[in-house]
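> Here is a sequence with its predicted model. Questions after.
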Amino acid sequence: MLLDSLSISRAAFERGTGWQLKPEGGCRGDVCIPLSKPAGATIDVAAVARDLGMPLVKAEGRDLWALGPAAPQGRALTTAEAPDLRLPDLAGNEFRLSSLRGKKVVVYAWAPY
Amino acid sequence: MWQARRDELAPKGFELVAVGLDTVGNDGCRAFIEAAQPKHPSLIDRHHVLADLFGITNIPQSVWIDEQGVIVRPAEAAPAPPRVERRSRLEMPGQAPQRMVDMMTEAAKIPNDAAAYHAALDDWVENGAKSRFAHTPEEVIERSRPRDADHALGHAHFALACELEIRGDHAGAVRHYREAHRLVPESWTFRRQAWSLEKVGDGPLARFWQGPSPDHPEAWPYDGGWLEDVRKEGAENYTERFRP
């Protein structure tokens, strides 16, 4: 997830990372990792990232950071529950993967190069 | 090719979601999408969130998700349907540069399990959870790609590189793409994306060159290239084989 500030709303963090910040910790599927400080409405990204094991990289000379994925089990997937992928189509309309509940779905990655 | 598969399976409660991984965005993907005229969602992923979310490492790859939103097969090679005659992706001009001929020669050696993959897809669409190709949540996690601290850090560098490229800071992007390549050496998409931004010439092959320009090899900012890396790693290892 990309950030232009390290102080963001909990909702933005949860949407960007797919991890829910609950009283028991940062949770994804059945996995919960305790947080050193309970998360309020606004969170300190650097602290939560440290707790969850998400790497944070800053762009030199800019207020721009990239937060890498957490992989507490050493695997790309922490849960088999599909993340709610949100991406735009050519017209810029946001598509949500969850809109296809009730169908079998193949997400197919291609590239024009 | 996938469009015909999708139309065939759609009446059985199936949908295809195509995602173009390209930092260039619409300008990179538009011609291909408009030519395909898809009836299914066709999305643009400029920062490769599919790599973070699902562990996509090459293209074409797929993830299968059931009616409840549960992944039943994690990222794996997704070859084009077998019954269509396989064509090269590009029409080679009469005087194709030697590099392009060499790349096509290597590409032809890449193994392709299209028949097995598509038979499995038919079976799953027909039989759902009873299909032997649909895995349990535990198996899906176990079969998803290994990800250690270096991988996670490499993904952050990659996303940052894409954003810097989008903002016009190409030199900054190259620095972070290089870090991503070092930390996630097995990702072909991380490499191919970066190489594709170093266009050689301005014709239709510019983004497919994927390596040093013959005129200015010293200007190439990366350690490898598509032809160089495929030769080094072996075309037979370019894609993982289908595992039932």
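Received, thanks.
> how about the residue nearest to B:Glu15 when sequence neighbours are not counted, phi and psi?
Excluding its sequence neighbours, the residue lying closest to B:Glu15 (CB to CB, 6 or more residues apart in numbering or on different chains) is A:Lys103, at 4.8 Å. Every C-beta, even on glycine, is put in place using the N, C-alpha and C of the backbone. Backbone torsions for A:Lys103, taken as degrees, to the nearest 10, come to phi -120, psi 150.
> quick one, helices of chain B?
B:2-9, B:26-36, B:49-54, B:98-107, B:114-127, B:137-143, B:149-166, B:170-183, B:188-196, B:226-233 (DSSP state H).
> For B:Asp66, give me its contacts.
By CB atoms under 8 Å, 6 or more residues apart in numbering or on different chains, the contact list for B:Asp66 reads A:Lys104, B:Val72, B:Gly128, B:Ala129, B:Ala134.
> Could you tell me how many residues sit around B:Asp150?
13 (other CB atoms under 10 Å in any protein chain shown).
> contacting residues for it?
B:Asp150 neighbours (CB under 8 Å, 6+ apart): B:Leu183, B:Val184.
> How confident was the prediction at B:Gly203?
Per-residue confidence (pLDDT) for B:Gly203: 80.
> I meant to write B:Val19 there.
98.
> burial measure for the spatially closest residue to A:Leu97 that is not a sequence neighbour, as a count.
Among residues not flanking A:Leu97 along the chain, A:Leu85 sits closest, at 4.0 Å (CB to CB, 6+ apart). For A:Leu85, the count of nearby residues is 22 (other CB under 10 Å).
> do A:Val107 as well
27.
> From the centre of chain B, give me the residue that's furthest out.
B:Lys130 (29.1 Å; CA atoms, centre = their mean).
> Was I right to think the residue nearest to A:Leu97 contacts B:Leu53?
Yes. In this structure, A:Leu85 is within contact of B:Leu53 by CB atoms under 8 Å, at 6.3 Å.
> Now do the same contact list for the residue nearest the centre of chain B.
Most central in chain B under CA atoms, centre = their mean is B:Ile59, positioned 1.6 Å from the mean C-alpha point. For B:Ile59, the contact set (CB under 8 Å, 6+ apart) comprises A:Ala109, A:Trp110, A:Ala111, B:Leu21, B:Trp188, B:Thr189, B:Arg192.
> where along chain A do the strands fall?
A:2-3, A:7-9, A:20-22, A:25-28, A:31-33, A:42-44, A:56-58, A:65-67, A:86-88, A:94-96, A:104-110 (DSSP state E).
> buried residues in the fifth one?
Looking back up the chat, that one is strand A:31-33. Across strand A:31-33, burial judged by 16 or more other CB atoms under 10 Å in any protein chain shown covers A:Cys32, A:Ile33.
> and the residue of chain A found nearest chain B, backbone torsions?
Proximity of chain A to chain B (CB to the nearest CB) peaks at A:Ala76, 2.8 Å away. Backbone torsions for A:Ala76, taken as degrees, to the nearest 10, come to phi -60, psi -30.
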